[in-house]
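Asker: give the three-dimensional model of this entry:
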Amino acid sequence: MSRFNKVYWGLLVGLLCPLLALLMIYAGVDHNIDLTDIDHFKLNMKLISPFLRLSLIANMLFFIPFGHKPKVRFLRGLIGATILYGIIIVIIHFL
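Answerer: Predicted structure coming up:
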């Protein structure tokens with residue numbers, strides 16, 4: 001388990017888990033978001049933003065097993081990825 005105690009592992013997991021959760025949430029919800037339509041890009045981003053916020057719960061699942069003191073480096077990457085997603089959500093909000 002100590003080989004996963006690296007910042008880049010935490011960053012990788014922190015970036016990929018919400019994306020996978022977002023895809024699962026998006027697949028489970030039936031709505032009219034067409035991501036290929038450039039004309040409605042702002043509207044599509046506004047519709048995806050709540051799902052992106054919800055998908056960040058997937059990052060919280062890793063705080064429990066890696067929340068102990070020896071695994072602080074992994075958590076730094078995980079928190080960094082969560083902050084990056086937060087910045088993206090704020091940018092989408094002000095589009």
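Asker: could you measure from the most centrally placed residue in the chain over to Ile88?
Answerer: Central residue of the chain (Cα atoms, centre = their mean): Pro18, 3.3 Å from the mean position. According to Cβ to Cβ, to the nearest Å, Pro18 and Ile88 sit 10 Å apart. C-betas here are computed from N, CA, C, even on glycine.
Asker: so what sits against both of those two?
Answerer: Leu52 (Cβ atoms under 8 Å, 6 or more residues apart in numbering).
Asker: the residue nearest to the centre of the chain and Leu54 touch, don't they?
Answerer: No. Assessed by Cβ atoms under 8 Å, Pro18 is found out of contact with Leu54, at 9.2 Å.
Asker: mind listing what's buried along the lowest-mean-pLDDT helix or strand in the chain?
Answerer: Lowest on mean pLDDT, DSSP states H and E among the helices and strands of the chain sits helix 41-55, with a mean of 78. Of the residues in helix 41-55, 44-45, 48-49, 51-53, 55 count as buried by neighbour count, 16 or more other Cβ atoms under 10 Å.
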